[in-house]
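Visitor: quick one, fold the following:
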Amino acid sequence: MYYELYIDVLFLINFMMDSLLLLAVKKVLRCPVKNGRVFVGSGLGAVLTCVLVALPLPAAVKLPAYYAGIPGMMIRAGLDIRKGRQFWKAFGLLYVSAFLMGGMLQILRPWVRTGSLFFAAAVPIYYLMYGIWRFLTMLRKQEERLCEVVLYIGPETYRMHALLDTGNGLTDPISGDPVSVIDPACAQKMLEKERTDTGVRYIPYRTVGGEGVMPVFRAEQMEVFLPGEKGEFRMQRPIIGICEGQISGHEEYQMILNPNVLAG
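Guide: The predicted structure follows:
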């Protein structure tokens, strides 16, 4: 059985798909290369694919070259990633992106029968796929910033989840100590019994939404347990602020931890 294969069509199809995939990987990994270089890598991949299809080579040569050699050369030429962990991350992302894009295009095939419309659908799929990658990356980064905190107030201990927020630079104007902020519901449980050692007072704060004053108090001790093997930290007499409203909409964490407490 014989098939007619138009080499120019094969090149254009591969060039378009390789360009979209490399652009997606570039954005996810934030590679500092220009789009022109990405298109060079895509063109190289398309040319090598055409050559590989045209040459009468055995499958033992074609398969490794097609599934490993060409993607590797595309990453090196288009993203300027040559070795190390970043290379293998880009390699994996390229394959996962190709799998996702291929699956989405296959789903659309019954409704988009015209060839030009079918491949035009690849562009919005690219943006959808990039949006999915960004969402997953955002979730992973937030998960990495979540940690466990134990507050000691009098004879009681309170364990909670905290978000390590680099944007929290609130400090006490009197002592200069960093201030971490907790949910008002947690604060109510902590301070429901009168304790003379907490000494609730008010400090000014400023956000993008305006200015105000925030009640703060000193806990006796705070322990922070960072995820993985990043370590444990213990602070004496940390300053805790009480937020006006709920900190996390889904109650994933009850404290916004000031990163400066880890440097003290």
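Visitor: doesn't M73 make contact with F87?
Guide: No: checked against Cβ atoms under 8 Å, the pair F87 and M73 is beyond contact range at 11.6 Å. Placement of C-beta: from N, CA and C, glycine included.
Visitor: which secondary structure state does R82 sit in?
Guide: Three-state assignment for R82 (DSSP: H, G, I helix; E, B strand; the rest coil): coil.
Visitor: please disregard the earlier target; I meant G169.
Guide: In three-state terms, and counting by three-state DSSP, G169 is coil.
Visitor: got a pLDDT number for it?
Guide: G169 is assigned a pLDDT of 79 by the prediction.
Visitor: tell me who's in contact with it.
Guide: Neighbouring residues of G169 by Cβ atoms under 8 Å, 6 or more residues apart in numbering: P178, N258, N260.
Visitor: the residues you listed into TSV, with extra columns for secondary structure, distance to C147 and pLDDT?
Guide: Converted to TSV, the contacts of G169 look like this (DSSP: H, G, I helix; E, B strand; the rest coil; distance: Cβ to Cβ, whole Å; pLDDT from 0 to 100):
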residue	secondary structure	distance to C147	pLDDT
P178	strand	15	90
N258	coil	12	86
N260	helix	15	84
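Visitor: out of those, grab the one that's most surrounded.
Guide: Each of the contacts of G169 was scored by neighbours using other Cβ atoms under 10 Å; the highest score is N258's, at 27 neighbours.
Visitor: check which helix or strand covers G176.
Guide: G176 belongs to no helix or strand when assigned by DSSP states H and E.
Visitor: check the one 3 residues further on too.
Guide: Secondary-structure element containing V179, defined by DSSP H and E: strand 179-182.
Visitor: contacts for that strand, please.
Guide: Contacts of strand 179-182 with the rest of the structure, by Cβ under 8 Å, 6+ apart, involve 160, 162, 168, 170-172, 190, 203, 214, 216, 222, 238-243, 247, 254-258, 261.
Visitor: let's go with 6 Å and repeat that
Guide: Strand 179-182 is touched from outside by L170, D172, I239, I240, G241, C243, M255, I256, L257, N258, with contacts defined as Cβ atoms under 6 Å, 6 or more residues apart in numbering.
Visitor: now list the buried members of the residues you listed.
Guide: Restricting the contacts of strand 179-182 to buried positions leaves L170, I239, I240, G241, C243, M255, I256, L257, N258, with burial counted as 16 or more other Cβ atoms under 10 Å.
Visitor: let's have these in a markdown table, adding secondary structure.
Guide: Conversion of the buried ones among the contacts of strand 179-182 to a markdown table gives the following (three-state DSSP):
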| residue | secondary structure |
| --- | --- |
| L170 | coil |
| I239 | strand |
| I240 | strand |
| G241 | strand |
| C243 | coil |
| M255 | strand |
| I256 | strand |
| L257 | strand |
| N258 | coil |
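Visitor: all strands for the stretch 51-200 of the chain, in order.
Guide: Secondary structure of the stretch 51-200 of the chain by DSSP state E, counting those that start in this stretch: the strands cover 146-153, 156-164, 179-182.
Visitor: partner strands of the longest one and their direction?
Guide: This points to strand 156-164. strand 146-153 (antiparallel), strand 255-257 (parallel) (DSSP bridges).
Visitor: could you do the last one as well?
Guide: Each strand pairing with strand 179-182, determined using DSSP bridges, is listed with its direction: strand 239-242 (parallel), strand 255-257 (antiparallel).
Visitor: for the shortest one, what is the average pLDDT?
Guide: What that stands for is strand 255-257. When pLDDT is averaged along strand 255-257, the result is 87.
Visitor: stretch 64-82 now?
Guide: For stretch 64-82, the per-residue pLDDT values average out at 89.
Visitor: so how far is the first residue of that stretch from its last?
Guide: Using Cα to Cα, to the nearest Å, the gap from the first to the last residue of stretch 64-82 comes to 18 Å.
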